[in-house]
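1. structure, please.
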Amino acid sequence: MKFVWSLPNILTYLRIVAVPAVVAAFYIEGDTGRWLAFGLFAAASITDYFDGYLARLWKQQSTLGRMLDPIADKLLVSVCLLVLTTHGTIGGFSLWAAVIILMREIFVSGLREFLADLKVSVPVTRLAKWKTTLQLIAIGILLLGPTGDKLVDGITELGLAMLWTAAIVTLYTGYDYFRSGVVYLMEERHEP
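-> Residues are numbered from 1 along each chain as shown. A predicted model of the protein is given here:
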């Protein structure tokens with residue numbers, strides 16, 4: 001309970017609170033809503049870096065922070081993908097990129113939970129961190145969508161291309177996690 005109100009944990013809490021705020025911004029019509037959604041998302045994405053960095057730097061790592069950080073990340077990415085799909089920014093064949101990302105996130109969460117019960121830790125790889133960065137940049141661009149296209153023609157297409165790149169990296173990192181955990185998945189455990 002020592003670090004419940006530490007700055008790193010507060011940043012994680014703020015990232016969770018930002019999720020419904022990004023959704024609410026889409027109820028504001030016109031460019032204002034898109035810019036607000038983008039600003040909230042960008043601020044929340046930045047906290048993803050600083051919460052862990054500051055926790056390590058100040059030796060304020062906590063069990064609560066380790067649990068909430070990946071949940072906050074998955075909430076932010078998943079809900080934003082749903083909003084972008086609902087508003088038509090992600091559609092057609094690109095919907096598959098969002099499906100791949102969501103399936104991997106749920107799969108890896110389940111795998112991590114299973115392995116945690118076995119006291120097996122699966123560290124986050126450097127490539128998985130790059131995957132997250134790619135996802136966040138792609139989603140940020142797509143949150144601007146048509147508003148961003150007014151500033152830079154074709155920015156939405158760039159966001160969709162980055163989303164596909166993130167989806168491909170997501171598949172690889174999901175496979176990498178599965179490969180690390182498959183040994184434990186194939187073990188026959190006998191309950192006493």
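2. flag every buried residue along the longest helix seen in the chain.
-> In the chain, taking DSSP state H as the definition, the longest helix is helix 155-185. Within helix 155-185, the residues that count as buried by 16 or more other CB atoms under 10 Å are 155-156, 158-160, 162-167, 169-170, 173-174, 177, 181. In this view, the C-beta of every residue, glycine as well, is placed from N, C-alpha and C.
3. shaky segments in the protein?
-> Applying pLDDT under 70 to the chain flags the ranges 1, 188-192.
4. tell me where it has helices.
-> Taking DSSP H to define them, one finds helices in the chain at 7-25, 31-57, 63-86, 95-117, 126-151, 155-185.
5. rewinding a little: tell me what the longest helix of the chain is packed against?
-> helix 95-117, helix 126-151 (3 or more CB pairs under 8 Å, 6 or more residues apart in numbering; DSSP states H and E).
6. and among these, the most buried is which?
-> Sort the helices and strands packed on helix 155-185 by mean neighbour count, taking mean count of other CB atoms under 10 Å, and helix 126-151 sits at the top with a mean of 19.
7. give me the angle between that helix and helix 155-185.
-> Counting by axes from the mean of the first three to the mean of the last three CA atoms, to 10 degrees, helix 126-151 lies at 160 degrees to helix 155-185.
8. got the angle for helix 126-151 vs helix 31-57?
-> Using the same axes, to 10 degrees: helix 126-151 against helix 31-57 is 160 degrees.
9. ok, Ala21 to Ala43 distance?
-> Applying CB to CB, to the nearest Å, the value for Ala21 to Ala43 is 10 Å.
10. repeat for Ala161
-> Distance from Ala161 to Ala43, by CB to CB: 25 Å.
11. now swap in Thr133 and tell me
-> With distances taken as CB to CB, Thr133 is found 16 Å from Ala43.
12. swap in Asp73?
-> Using CB to CB, one gets 14 Å for the distance from Asp73 to Ala43.
13. more neighbours: which of these two?
-> Using other CB atoms under 10 Å as the criterion, Asp73 and Ala43 rank with Asp73 on top: 20 against 15.
14. skip the chain neighbours and tell me the closest residue to that one.
-> Excluding the flanking residues, the one nearest Asp73 by CB to CB, 6 or more residues apart in numbering is Asp48, at 6.0 Å.
15. so what's the residue count around the one you found?
-> Asp48, neighbours per other CB under 10 Å, totals 21.
16. then the one 10 residues further on?
-> The criterion is other CB under 10 Å. On that basis, Trp58 has 12 neighbouring residues.
17. who touches it in this structure?
-> Neighbouring residues of Trp58 by CB atoms under 8 Å, 6 or more residues apart in numbering: Ser6, Leu7, Pro8.
18. quick one: buried residues of stretch 72-88?
-> Neighbour counts using 16+ other CB under 10 Å place Ala72, Asp73, Leu75, Leu76, Val77, Ser78, Cys80, Leu81, Val83, Leu84, His87 of stretch 72-88 among the buried residues.
19. the first one against Thr12, yeah?
-> Yes - using CB atoms under 8 Å, Ala72 makes contact with Thr12 at a distance of 5.2 Å.
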